[in-house]
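Asks: Any chance you could fold what I've pasted below:
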Amino acid sequence: MKAPTLNLLDWLRDAHAMEQQAEEMLKADLSLFENYPELCIRIEEHLQETLTQKKLVEDCIRRLGGSPSTLKDVAAKFVALAQVIGGIAMTDEVVKGAMCAYVFENVEIAAYTSLIAAAEVAGDADTKRVCDEILAQELAMAQWLLVRLPEVTKTYLGRAAFEADVAKR
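Replies: Numbering: from 1, shown residues only. Below you'll find the predicted structure:
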């Protein structure tokens, strides 16, 4: 296997672990944001996209003769768990959680942008197509979050004065 394909395979393993982390974070966000139904609906939709993305990336890895990295996947789960535990202590977890989700979407955007370039260099049109599809979903989610961050913040602030426990989630 040539160097560009080896790099592509390694980075696809990273992307698989990243999607594993996203899955765990999105599942946790659903319970943390229970009093923000619009946020929960979109997170549930993106969770379903994420599950499909993880499968598509795994298919690319297997097509290239590899397998997902168990070590990277487990590490990603632990990172997601640490983020969730850290968020529980915050009184403004919905605002911080929405901000973190936006940041994470942008990390995914960068990763898939790089994977597209790597797939082009490796001559892997199938992986490029998959990454283009996933990138479009990540861009859409990031934009959705960016547009709603002010609304989430204002709703939180409006509720915080009267219902602190309801506001934070």
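Asks: and residue 34, which of the three is it?
Replies: Secondary structure for residue 34, judged by DSSP: H, G, I helix; E, B strand; the rest coil, is coil.
Asks: pLDDT score for it?
Replies: The confidence metric pLDDT takes the value 85 at residue 34.
Asks: Likewise for residue 63?
Replies: Note for residue 63: predicted pLDDT of 96.
Asks: go on, residue 25?
Replies: 90.
Asks: cool, and residue 129?
Replies: In this model, residue 129 is scored at 98, pLDDT.
Asks: How far off centre is the helix or strand where it lies?
Replies: Assessed by DSSP states H and E, residue 129 sits inside helix 125-160. Its chain's C-alpha centre and that of helix 125-160 lie 9 Å apart, by CA atoms, centre = their mean, to the nearest Å.
Asks: Return the set of buried residues in that helix.
Replies: 127-128, 130-131, 134-135, 137-139, 141-142, 144-145, 148, 152, 155-156, 159-160 (16 or more other CB atoms under 10 Å). For the C-beta atoms, the positions are set from N, CA and C on the backbone; glycine is no exception.
Asks: Likewise for stretch 37-46?
Replies: 39-40, 42-43, 46.
Asks: do stretch 22-41 as well
Replies: 22-29, 32-33, 35-36, 39-40.
Asks: roughly how far is that stretch from the heart of the chain?
Replies: That offset, for stretch 22-41, works out to 12 Å (CA atoms, centre = their mean).
Asks: Quick one: end-to-end length of it, please.
Replies: For stretch 22-41, the first-to-last residue distance is 16 Å (CA to CA, to the nearest Å).
Asks: Helices of this structure, start to end?
Replies: 3-32, 37-63, 70-88, 93-122, 125-160, 164-168 (DSSP state H).
Asks: distance of the residue lying farthest from the centre of the chain from residue 156?
Replies: Distance from the centre of the chain peaks at residue 162, with 32.3 Å (CA atoms, centre = their mean). Residue 162 is 12 Å from residue 156, where distance means CB to CB, to the nearest Å.
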